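**Q** Give the three-dimensional model of this entry:
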Amino acid sequence: MLSILNLISLVYILTAVISILLVSLVWGRRNTPGTQPFIVMMAAVTLLAIGNIMELVNTEVGAKYFWVCVEYIGIVAVPACYLCFALEYTGRKFDQRRVTIILAIMPIIVLLAVWTNDWTHIYYVAQTPTTLGDTIMVERQYAPLFYIWLAYSYFLLVLATILMVKALVNAQEERRRQIELVIVGSLAPWIANIFYFILVPLRYIDLTCVGFTITGVAVFIAFSRYDLFDVAPLARSSVVGSMDDAVVVMDQYNRVVDANLAAAALASRSLGKIIGRNLAEGFSNVPALVKAAVQSSEGVPQEVSEVGRYFEVRSFALKMTSNRPLGKVAVIREVTESKRQELALMEAQERIELLNSVARQDMLNMSMAISGYAALLEEQLTTPRQKEYVAKIKRSARNIESQVKFTKEYLELGGNMPVWQNVPETLQRAAEASDLNDMRLELQITSLEVYADPLINRVLFILMDNVSRHAKGATYISAHFDISYGELKLIIEDDGPGVVREEKEAIFQRNYGKNTGYGLFFARQILQLTGFAIIENGVEGKGARFEISVPQGSYRLHPAGESDAVSARADL
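**A** Numbering: from 1, shown residues only. Predicted structure coming up:
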């Protein structure tokens, strides 16, 4: 019998050594899914094995029980860690902190019961010294709490096994062998418990740590041979096999974790030759897509051209509930057809623009010819009625020129990116370009910039020109601004006759007015490109007042501009 005990001691020592070795081997990949609970589990098994060795070699009952208390730190940790490993490995979404707290309740109760059993006897009813050969052993009689703990630990192990079996059922063929190996390895602790509770004379020897070490070895073999931790079976529901888009799941080392049939077709390989390989190796026939999948920003589509085909690549980060980096999912959509349509549309648009340009130039040439012939004809006419007809011809020619100019400018709307524009400088240029006669320009703005379409200078010119044409009797034009609730209002007003109430909105309509009929209409269209708005809210008889609303974020002031805003409010 002594030789058996020596053999068991050697098994415990080997168990501790193997457990420590497994922890050291997996430690380098502790950020991959399932490794952290695996490491804690094997550390607990190590502590359990050491406790069993010390319990076996000590001869005093008190010393033996001390090491039993040490063993229980590992005993209560192992089932919970194995369940957490199963949850992470099978890709279950769970609140890690909450689950850890819940799983810790029962182990803490058991530890307290074991550590205080000499006074409470709520875990062991009695502990009787006995001998096994020449070795002193302890036969223990269990209280109800022990059986509650036993049922609880079995429940956790059964639950973990069920998760593994479900993962096996849903797994692809390439992943079945690794899961089968883990499930077979998980049977070892059950067998060890059968020896502990049923077989005599080994009912004094707890081989649970040996069983979990066998489980750990099985998991590590699956890890090293089948890339278990790196090719973890993440929730298959997130990778729909029937999708037309190619979907590839990668780990943090850019190795393919999962893929659907569309991805296999894109790579021109079977799934078995893609999964578990580096992305560049599995998709070597489409290197541009590989580069886009690896380098693309979170959720930002990236267009890629590959062998005459066009693709849109989007990547999304994968993280565990603890926010640890796990990898990413790349969704690759072929957009060849829509890209060809887009290119065809662009080509058609270029042709239309060319046609418009030629047509506009021809119309301008004909308008100039009409005006020229009308001028020559006017020199030969003598009657007032004839001269009136010629004047109408010349006016019509000018209207044609204005319409052609309008169509050109209107087609240019939105053709340029918005830029920061200096408002006082633009107002000054607009005033110089328009005929203000003897009106003075009062600029109460020195440092305002707005983020707007480059045609904003056209808007300010239209407003200045509108004053020179319609504000009869006006003596000045004032430009200032006000800021309220984050919105800036650029105000341009005069002291002319103003606009009657019925026409305040009509003046912004197309074909309204005595001239071209598109000035203020065009101004509003330009402002709307960048979210600006314009209204006329002056008082009839006291002057026109155009108010341009600039949203927050679309204007900025240099330090000197703060005083401008204050003085502008005071004037109002």
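
**Q** Break the protein down into its domains, please.
**A** 2-226, 236-334, 340-411, 419-571 (automatic domain parsing).

**Q** want to throw those into a markdown table with mean neighbour count and mean pLDDT?
**A** Every residue, glycine included, has its C-beta placed from N, CA and C. Listed next are the domains of the chain as a markdown table, based on neighbours: other C-beta atoms under 10 Å; pLDDT from 0 to 100:
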| stretch | mean neighbour count | mean pLDDT |
| --- | --- | --- |
| domain 2-226 | 18 | 78 |
| domain 236-334 | 17 | 79 |
| domain 340-411 | 13 | 78 |
| domain 419-571 | 17 | 81 |
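
**Q** For the stretch 251-400 of the chain, just list every one of the helices.
**A** 261-267, 279-282, 287-295, 336-378, 384-411 (DSSP state H, counting those that start in this stretch).

**Q** So for I535, which of these sits nearest?
**A** helix 384-411 (21.4 Å; C-beta to C-beta).

**Q** Which SSE is immediately downstream of the closest one?
**A** Where DSSP states H and E defines the elements, the next helix or strand beyond helix 384-411 is strand 419-422.

**Q** for that following strand, packing partners?
**A** strand 448-452 (3 or more C-beta pairs under 8 Å, 6 or more residues apart in numbering; DSSP states H and E).

**Q** Pairing partners for the strand it packs on, with directions?
**A** Here strand 448-452 is paired, per DSSP bridges, with strand 419-422 (antiparallel), strand 555-557 (antiparallel).

**Q** Just the C-alpha atoms of that strand, please, in CSV.
**A** Output in CSV follows, covering the C-alpha atoms of strand 448-452 (Å, rounded to 0.1, in the frame of the first residue of the first chain):
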residue,chain,number,x,y,z
LEU,A,448,-15.5,86.9,-38.6
GLU,A,449,-15.0,83.8,-40.7
VAL,A,450,-17.7,81.4,-41.9
TYR,A,451,-17.4,77.9,-43.3
ALA,A,452,-19.4,78.1,-46.5
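
**Q** Any chance you could list what contacts it?
**A** 418-424, 456, 481, 488, 490, 527, 529-530, 532, 550, 553-558, 561, 564 (C-beta atoms under 8 Å, 6 or more residues apart in numbering).

**Q** Repeat the analysis, applying 7 Å as the threshold.
**A** 418, 420-424, 456, 481, 530, 532, 550, 554-557, 561 (C-beta atoms under 7 Å, 6 or more residues apart in numbering).

**Q** how much distance is there from that strand to the middle of the chain?
**A** Chain-centre distance of strand 448-452: 31 Å, with C-alpha atoms, centre = their mean, to the nearest Å.

**Q** Then stretch 138-157?
**A** The answer for stretch 138-157 is 47 Å, by C-alpha atoms, centre = their mean.

**Q** which residues are contacting that stretch?
**A** By C-beta under 7 Å, 6+ apart, stretch 138-157 touches 61, 64, 79-80, 82-83, 106, 110, 113, 121-130, 189, 204.

**Q** So which of those sit within helices?
**A** Counting by DSSP state H, the part of these found in helices is 61, 64, 79-80, 82-83, 106, 110, 113, 189.

**Q** and the end-to-end length of stretch 87-98?
**A** With C-alpha to C-alpha, to the nearest Å as the measure, stretch 87-98 spans 14 Å from end to end.

**Q** nope, stretch 328-345 is what I meant
**A** Note: stretch 328-345 ends 35 Å apart using C-alpha to C-alpha.

**Q** List the contacts of that stretch.
**A** With C-beta under 7 Å, 6+ apart, stretch 328-345 has contacts from 245-250, 266, 289, 293, 309-318.

**Q** ok, V11 - contacts?
**A** Contacts of V11 by C-beta under 7 Å, 6+ apart are V210.

**Q** Check which helix or strand it maps to.
**A** Counting by DSSP H and E, V11 is found in helix 2-27.

**Q** Starting from that helix, tell me the next helix or strand along the chain.
**A** Taking DSSP H and E, what comes next after helix 2-27 is helix 35-57.

**Q** where exactly do the strands run in the stretch 401-550 of the chain?
**A** Assigned by DSSP state E, counting those that start in this stretch, the strands in the stretch 401-550 of the chain fall at 419-422, 440-443, 448-452, 476-484, 487-494, 533-536, 545-550.

**Q** now those as CSV including distance to L48?
**A** Listed next are those as CSV, based on distance: least, C-beta to C-beta, whole Å:
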stretch, distance to L48
strand 419-422, 69
strand 440-443, 84
strand 448-452, 67
strand 476-484, 70
strand 487-494, 68
strand 533-536, 74
strand 545-550, 71
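
**Q** Of the ones you listed, which is nearest Q428?
**A** strand 440-443 (7.0 Å).

**Q** Listing partners with orientation, what would you give for the closest one?
**A** Strand 440-443 has these strand partners (DSSP bridges): strand 476-484 (parallel).

**Q** F461 is in contact with A433, correct?
**A** Yes - using C-beta atoms under 7 Å, A433 is in contact with F461, at 5.7 Å.

**Q** how about the strands paired with strand 448-452 in a markdown table, adding distance to G276?
**A** Shown next, in a markdown table, are those (distance: least, C-beta to C-beta, whole Å):
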| stretch | distance to G276 |
| --- | --- |
| strand 419-422 | 51 |
| strand 555-557 | 53 |
